[in-house]
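S.K.: how would this look folded up:
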Amino acid sequence: MTNDCIFCKIIAGELPAKKVYEDDNCLAFMDINPVTKGHTLVIPKKHFEDIMNTPDDLLGKVIAAARKVALAQKNGLHADAVNVTQANGQLAGQIIPHIHFHIIPRLQNDPESHGWTHSKYKDDAEMNSYAEKIAGAIKQ
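M.R.: Predicted coordinates for the structure are as follows:
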C-alpha cells in the first residue's frame with residue numbers, strides 16, 4: 001500500500017467504490033469514467049506499479065479475477081463482447097500507477113469505437129528485427 005495511491009485508498013476503505021468482486025488478493029469495482037456502462041477495473045490488493053513489477057503468481061490471480069468479471073459482463077449484462085485492456089506507464093495511457101485491468105463490456109451498437117490507429121512495418125526484415133530484439137530480451 002502507498003499513501004498517495006487512489007486504488008490503495010479504495011482497498012483500505014478510505015475512498016468509496018462500487019465493488020463487484022473481492023477475494024484475498026484482488027478487488028474489482030466500477031470505473032467512475034466508463035468507456036461503456038459496466039466498465040470495471042480489476043486490481044491486486046498489493047501495490048505494484050505495472051505489469052513488469054507484479055509477481056507472476058499474483059498476476060495470475062488478477063487475470064483470473066479479470067476473467068470472472070468478463071464472464072459476468074457477458075452473462076449479467078448480455079454483452080456481445082468484452083475488451084480487456086491494461087496500460088503500463090504514463091506514455092501508454094496509465095493514469096493511476098497501480099496495476100489494473102479494464103474490463104469493458106461491448107454491445108453491438110455501442111457508441112465507443114476501438115480507437116486503435118494501425119501502422120505497418122516497412123517490410124518483413126523490419127518486423128523480424130523487432131521480433132528478434134523482443135525475443136532476445138525475454139528472460140526465461
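
S.K.: tell me how many other residues crowd the residue lying closest to P55 once chain neighbours are set aside.
M.R.: Setting aside the residues directly before and after it, P55 is nearest to F48 in space (C-beta to C-beta, 6 or more residues apart in numbering), at 7.7 Å. To be clear about C-beta, it is placed using only N, CA and C from the backbone, and glycine gets the same treatment. Neighbour count of F48, defined by other C-beta atoms under 10 Å: 17.

S.K.: name all residues that make contact with F48.
M.R.: 54-55, 58, 98-99 (C-beta atoms under 8 Å, 6 or more residues apart in numbering).

S.K.: could you dump those to CSV with neighbour count and secondary structure?
M.R.: Output for the contacts of F48, formatted as CSV (neighbours: other C-beta atoms under 10 Å; DSSP: H, G, I helix; E, B strand; the rest coil):
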residue, neighbour count, secondary structure
T54, 18, coil
P55, 11, coil
L58, 16, helix
H98, 21, coil
I99, 25, coil
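
S.K.: out of those residues, which one sits closest to D24?
M.R.: When these are compared for distance to D24 (C-beta to C-beta), L58 wins out at 10.8 Å.
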